[in-house]
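Undergrad: Below is the sequence, then the predicted model.
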Amino acid sequence: MLKLIQSGLFGGQLFHVATKELVERYNACLDDIGLERTELNEFHIDGWGWSPEIADEQQNKQYLCHGSANPYAIIISPEQQQGSLYYPYHSFDWDIHQQVFDKYAKQITDITTDCGLWLALDQDISAYRSPQDLLMIDVVKVQFKTTKNLITAAREQRELVRTYFDRPMAWADPELRRKIGESGLEYGDLRFRNLDVLPFPFTNIRAFYTTAFDGLYVLRDTVIGKPVLIHQNNTSTVSGELEHAHVEFNLNDPALVGYLFSKGLVEHSFAHFKEMPELLDHELDLLLANASLKLKEPVELTDLSDSKKKGLIHTLQSKGVLGEDYFELEEVKRALQRDEAIDTKGEAAIRDHLIHPVKDQDPQVRTIIWQLIANIFGVNELVRYTFNKPDFYHRYKTWPDHFQRWIITELQENHGIFRKLTA
């Protein structure tokens, strides 16, 4: 993973918790939540406060929750605003993270000068007892707490001072004076601090992925009528049965793709490649790169010249290890470049390469469909890295060095692909 780390494709945008004060601030949040403290002297956290090192220490990726239905987030620095989310419990955590900092960036900066801020993502359910419970999620209440009770203390102090100035003869109330004095001694003057962080509901929950039950895709009834559950671990006993109040599919059910087509969630379209030619270029190069792995000698794919590339294609074709889908996609690329009609006779050979979400879907729905496509077909490592990083990292470890170098270059040259795919 060293090359990925050095390239910034893994471990980038993590905040380094490297001082005793910050470690204790983080542990104080864990104590407040009722979670196990870390014994580490330093570690990294993502934008939501999740740490890969603490997950390793506790041998539990889901250490920052009381079960999947009760996840938490920890913010100890305003720098977490720029942080990525490495292990979101639900895919909509990204949107909540953005809203939190959009609403309260100034307050977070002020609060974290003194203490940590932790968030409860309350779904009005104590625990998920079955996958069907996920269909009931329609709102997440984002609630804020500080380890020093700073938010509540600021409200109480302002109210005490307001009472002192507004109520006649308040100066003669010894109990009121005592409370104001105690608040000042414990917290200092909070009256003009920017500490008001109000809870808010997050309701943009049309489609999402959750790590609960070994991975579930949830499409609520607002998307296509009946709600849909897609099981990543392929354990549904009613996969593909359409007569129930909701529909379930296993990820490996061949009928799933047809269902997505029938509901207008995915389509085949050559125009998709015309709008994003870099996707077609990558799929062609990936077919070539994968085929080259079957040769006895490794082929250095990075900065492969045109003449050497043609030589590689000739070698792979003559050995029978380069499939017809490569040449069919090459024909598509040529026709698109020349604005010519595309011969669809060979479409069957490249059908998996052409599938993409219907563009007029809600961005949240489109993101989840892209993640599904990355899982089902796996024909594009740009899409896989963008929408299913854990699977990409797992596959990356199995590749030889020269292939790793090539894929890193591909990702660096196409770093803006996410915005295009979800726009």
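TA: Received it, and whenever you're ready, just let me know what you need. Residues are numbered from 1 along each chain as shown.

Undergrad: thought Asp124 was touching Gln143?
TA: No. Using CB atoms under 8 Å, Asp124 is not in contact with Gln143; the gap is 11.7 Å. C-betas here are computed from N, CA, C, even on glycine.

Undergrad: which residues touch Asn375?
TA: Neighbouring residues of Asn375 by CB atoms under 8 Å, 6 or more residues apart in numbering: Gln232, Leu251, Asn388, Asp391.

Undergrad: That one belongs to a helix?
TA: Yes. Counting by DSSP: H, G, I helix; E, B strand; the rest coil, Asn375 is found in a helix.

Undergrad: For Phe387, see how far away it is.
TA: Between Asn375 and Phe387 the computed distance is 8 Å (CB to CB, to the nearest Å).

Undergrad: Can you show me the helices along the stretch 151-300 of the chain?
TA: 174-187, 221-224, 255-262, 271-275, 277-292 (DSSP state H, counting those that start in this stretch).

Undergrad: how does this structure divide into domains?
TA: Domain assignment for the chain by automatic domain parsing gives 2-149+195-202, 215-263, 267-422.

Undergrad: Let's have these in JSON lines, adding distance to Gly188.
TA: Shown next, in JSON lines, are the domains of the chain (distance: least, CB to CB, whole Å):
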{"stretch": "domain 2-149+195-202", "distance to Gly188": "9"}
{"stretch": "domain 215-263", "distance to Gly188": "46"}
{"stretch": "domain 267-422", "distance to Gly188": "43"}
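
Undergrad: Nearest to Tyr209 among the ones you listed would be which one?
TA: domain 2-149+195-202 (4.3 Å; CB to CB).

Undergrad: The domains of the chain: which one's closest to Arg158?
TA: Judging the domains of the chain by CB to CB, what sits closest to Arg158 is domain 2-149+195-202, at 9.5 Å.

Undergrad: what distance separates that closest one from the centre of its chain?
TA: A distance of 13 Å separates the centroid of the chain from that of domain 2-149+195-202, by CA atoms, centre = their mean, to the nearest Å.

Undergrad: same question, stretch 208-224
TA: Here the centre of stretch 208-224 is set off from its chain's centre by 14 Å, with CA atoms, centre = their mean.

Undergrad: and the end-to-end length of it?
TA: 14 Å (CA to CA, to the nearest Å).

Undergrad: same check, this time on stretch 121-132
TA: 19 Å.

Undergrad: Touching it from outside, list them.
TA: 67-73, 89, 93, 96, 133-134, 136-137, 139-143, 212-213, 216, 229, 231, 236, 246, 248.

Undergrad: So among these, which ones count as buried?
TA: Those of the contacts of stretch 121-132 that meet the buried threshold are 68-73, 89, 93, 96, 133-134, 137, 140, 142, 212-213, 216, 229, 231, 236, 246, 248, by 16 or more other CB atoms under 10 Å.

Undergrad: and the residues you listed, which of them are in strands?
TA: The strands, defined by DSSP state E, take in Tyr72, Ala73, Val140, Val142, Leu216, Leu229, His231, Glu248 from the buried ones among the contacts of stretch 121-132.

Undergrad: re the thing from before, between the domains of the chain, which one is nearest to Gln157?
TA: domain 2-149+195-202 (9.9 Å).

Undergrad: So, low pLDDT: which residues of the stretch 51-200 of the chain?
TA: 159-178, 180-187, 189-192 (pLDDT under 70).

Undergrad: Now do the strands in it.
TA: Under the criterion DSSP state E, counting those that start in this stretch, the stretch 51-200 of the chain contains strands at 72-75, 117-122, 140-146, 200-202.

Undergrad: In three-state terms, label Arg384 for me.
TA: Relying on three-state DSSP, one would call Arg384 helix.

Undergrad: That one: what's it in contact with?
TA: Ala374, Gly378, Asp391, Phe392, Arg395.

Undergrad: Quick one: buried ones out of those residues?
TA: Applying 16+ other CB under 10 Å to the contacts of Arg384, the neighbour count classes Ala374, Phe392 as buried.
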